[in-house]
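A.B. asks: dropping a prediction and its sequence here:
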Number of protein chains: 2
Amino acid sequence: MSSILTFLGKGGTGRTTIAIAAARKLAARGSKVLFIGQDPSPVYSMALGIEVTSEPQEISPNLSVVQIQSTALLEQSWEQAKKLEQQYLRSPILKNVYGQELAILPGMDEALALNSIREYYQSNKYDAIIYDGSGDTSTLRMFGIPANLGWYVNRFRGVFQESDIVKALSPFVQPVTSAILNTPWKPENLAPEPMNQAGNMLDDGKKALADPKKVISYLVTTSDPVAVATAKYLWGGAQQVGLTVGGVLLNQGQLTDDLTQQFSPLPLTLLPRKDLDNEEILIDALPNFQDTANIPQPTTINIADKKIRVFLPGFTKKQVKLTQYGGDITIEAGEQRRNITLPPQWSGRSVTGAKFNNSYLELTIG
Amino acid sequence: MSSILTFLGKGGTGRTTIAIAAARKLAARGSKVLFIGQDPSPVYSMALGIEVTSEPQEISPNLSVVQIQSTALLEQSWEQAKKLEQQYLRSPILKNVYGQELAILPGMDEALALNSIREYYQSNKYDAIIYDGSGDTSTLRMFGIPANLGWYVNRFRGVFQESDIVKALSPFVQPVTSAILNTPWKPENLAPEPMNQAGNMLDDGKKALADPKKVISYLVTTSDPVAVATAKYLWGGAQQVGLTVGGVLLNQGQLTDDLTQQFSPLPLTLLPRKDLDNEEILIDALPNFQDTANIPQPTTINIADKKIRVFLPGFTKKQVKLTQYGGDITIEAGEQRRNITLPPQWSGRSVTGAKFNNSYLELTIG
């Protein structure tokens, strides 16, 4: 399994330059590295001096580069969807729509990119994956897919199972195998295999995200107050999707006490002004991304003490909203909403106390 | 009806600063202006020195400011969806899911923002709307919703109408009014009212986008070659979603012949280095955004000559792919795919010739 590293920060702070330097650093140390670029413009080809393609190509020892191409990925996913439909629907209806005609709607880039990252991650071909996304809320929404889509799937599965509609659909939706073998199939088992597969995939994604040795992000900022505020905002947002933030890279700025305090307890690394002829200096200045000790975790659930601890840096008490519906707790902060499903041991219990202290929201379960 | 103005370009080129200056300029000339900010970080509050909220507030004569808040917009939309469901489903199934628990998945920000822009646009309260989005592919995907989602709705409506599933569902899906009045309702009329309303909304969106007096974008770049390449790429991508590009704003750069030629025939405007104390100089330097004569149109369909002319600046012949399925032509370039539905007069006809010349793809219909 590889580890995934990404960079968050305001546009123009040097995220892509740093991501490329990080890829080179890890490759030079002997890791097999894949650099995945999301930007569809010619930016990577210009930065690397080669034509970046939608298939990984090795551009130097241990370093491969690939550019996400949503249209091609959508075609592949569509073919898979059609195959699944054929297995589960008695009369498939999607077969006459061709992948080549599908346009990209908002959100598809993120879903396709995450799926692509997952496939590279599980291919075991790389020790490290550097993902250069838009580095803003879109990237957070992407990393939020396992947790949030997982929640939607579970919540709506319950809702639909109780409906008449599913019962009406059951003669049409059933595994072709069970139809052939004439085994009974009930609406309660609604789309068992593909649904379970998707559920497992999302669970695996959540678990990978929860382990900073597997997925980690770094904030990039200059000394510009707007860039600093954006980095702080993204720090908080990253916690909400369960993405660990490992440190701050201060690009061409001044390391002040104020900055150190604003991002405490994260380590700050000062990067030198990057000279195009001298990438070495930048590479040397980068931190050791593999050092993940002492990094605050987004969420800690302590079963024995009946406590949930949620790290929400950069937000004030006023900006945090808390609600509970059944076994789900919803925490809202900064346009990110997270649902925490209570562990089965706490079934039927609810939040009886909440404190916001030192960037941590502490919940007590009664 | 107001006009909508937005800015596209690489992060860090000054898009937000320019968008705010543009809003002030139009307001100073007497237009009622609404500035809509997409960025959820504190960037607008810092730039404007006031706390920007999710409801429009007038911050100076003629100038109101609002920040898109996806979580609040999602709750509103969910309530509307539940009302619609109650009208059309005999036993509503969504009523037990609350808007407050819904997390934001990728794509929702764009869909909710476009819907919000549409509502402000149709409110007739403003002469001009300045939309400050991410300015990259996400913004293009957002403006592509009317054309692309419209295509999906039409294509899949056809596919589903032929399926057994719709027939099985018909007893459950029908307008409550027709059930009460005991009027007949057939699957062929699948979800007539909400579907038609959505279709009309998307058609209206496409028409607004096609009129540069209603929706227009400007490219923002510095002299940095990567920023220039990004701007050129976005120029081509904008055509693919039907968004007119009115000109180029060169921020703190040098106006060279090479740049002028690269963006020809667009007018280039050189902006001075912005001094925080001196926004006036920037405001004075901005072009007259209302001058939309002589701007290349994304697509022109000439019924008499049986020609379609598609403007695709920044792409080479090799990057453009063309396919036809039935009455739809798919044009792919730079990760944007556009479907052009042939007008009814050309029903049954197909593309018999294609030429790529001077950034224009010229199709002949036989």
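C.D. replies: Cool, got the structure.

A.B. asks: so who does the residue sitting nearest the centre point of chain A touch?
C.D. replies: By CA atoms, centre = their mean, chain A has its centre lying nearest to A:F143, at 1.6 Å. In this structure, A:F143 makes contact with A:T6, A:L114, A:L209, A:V215, A:A238, A:V241, A:G242, A:L243, judged by CB atoms under 8 Å, 6 or more residues apart in numbering or on different chains. In this view, the C-beta of every residue, glycine as well, is placed from N, C-alpha and C.

A.B. asks: would you list these in TSV and tack on secondary structure and distance to chain B?
C.D. replies: TSV is the format used below for the contacts of A:F143 (DSSP: H, G, I helix; E, B strand; the rest coil; distance: CB to the nearest CB, whole Å):
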residue	secondary structure	distance to chain B
A:T6	strand	15
A:L114	helix	9
A:L209	helix	14
A:V215	strand	17
A:A238	helix	13
A:V241	coil	9
A:G242	coil	12
A:L243	coil	14
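
A.B. asks: any idea how far B:T13 is from the residue nearest to the centre of chain A?
C.D. replies: 26 Å (CB to CB, to the nearest Å).

A.B. asks: neighbours around A:N200, how many?
C.D. replies: By other CB atoms under 10 Å in any protein chain shown, the residues close to A:N200 number 10.

A.B. asks: helix or strand for it, which one?
C.D. replies: Using DSSP states H and E, the element containing A:N200 is helix A:192-210.

A.B. asks: report the mean per-residue pLDDT for that helix.
C.D. replies: Here helix A:192-210 scores 80 as its mean pLDDT.

A.B. asks: and after it, which helix or strand comes next?
C.D. replies: Heading C-terminal from helix A:192-210, the first helix or strand you meet, by DSSP H and E, is strand A:215-221.

A.B. asks: now do that following strand against helix A:192-210, angle only.
C.D. replies: Angle of strand A:215-221 versus helix A:192-210, following axes from the mean of the first three to the mean of the last three CA atoms, to 10 degrees, is 50 degrees.

A.B. asks: report the helix or strand with the lowest average pLDDT across chain A.
C.D. replies: One helix or strand of chain A scores below all others by mean pLDDT, DSSP states H and E: helix A:176-181, with a mean of 50.

A.B. asks: now the residue nearest to the centre of chain A: how far from A:V215?
C.D. replies: In this view, A:F143 and A:V215 are 7 Å apart by CB to CB.

A.B. asks: mutual contacts of these two, please.
C.D. replies: Common neighbours of A:F143 and A:V215 (CB under 8 Å, 6+ apart) are A:T6, A:L209, A:L243.

A.B. asks: for these, which one is nearest B:N288?
C.D. replies: Comparing the shared contacts of A:F143 and A:V215 against B:N288 with CB to CB places A:T6 closest, at 41.5 Å.

A.B. asks: excluding sequence neighbours, find me the nearest residue to the closest one.
C.D. replies: A:Y131 (4.4 Å; CB to CB, 6 or more residues apart in numbering or on different chains).

A.B. asks: what bridges to A:A128?
C.D. replies: Using DSSP bridges, the beta-bridge partners of A:A128 come out as A:S3, A:V33.

A.B. asks: could you give the number of residues near it?
C.D. replies: Residues near A:A128, counting by other CB under 10 Å: 22.

A.B. asks: A:A227: what's it in contact with?
C.D. replies: Residues in contact with A:A227 (CB under 8 Å, 6+ apart) are A:G9, A:K10, A:T13, A:T221.

A.B. asks: C-alpha coordinates for the helix or strand containing it, PDB please?
C.D. replies: In the assignment (DSSP H and E), A:A227 maps to helix A:225-240. The C-alpha trace of helix A:225-240 is given here as PDB (Å, rounded to 0.1, in the frame of the first residue of the first chain):
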ATOM      1  CA  PRO A 225      -2.700  37.600   5.400                       C
ATOM      2  CA  VAL A 226      -5.400  36.300   2.900                       C
ATOM      3  CA  ALA A 227      -3.300  33.300   2.100                       C
ATOM      4  CA  VAL A 228      -2.800  32.600   5.800                       C
ATOM      5  CA  ALA A 229      -6.500  32.900   6.500                       C
ATOM      6  CA  THR A 230      -7.300  30.600   3.600                       C
ATOM      7  CA  ALA A 231      -4.800  28.000   4.900                       C
ATOM      8  CA  LYS A 232      -6.300  28.200   8.400                       C
ATOM      9  CA  TYR A 233      -9.800  27.800   7.000                       C
ATOM     10  CA  LEU A 234      -8.700  24.700   5.000                       C
ATOM     11  CA  TRP A 235      -7.100  23.300   8.100                       C
ATOM     12  CA  GLY A 236     -10.400  23.300   9.800                       C
ATOM     13  CA  GLY A 237     -12.200  22.100   6.800                       C
ATOM     14  CA  ALA A 238      -9.800  19.100   6.400                       C
ATOM     15  CA  GLN A 239     -10.700  17.900   9.900                       C
ATOM     16  CA  GLN A 240     -14.300  17.900   8.900                       C
END
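
A.B. asks: this completes my enquiry, with thanks.
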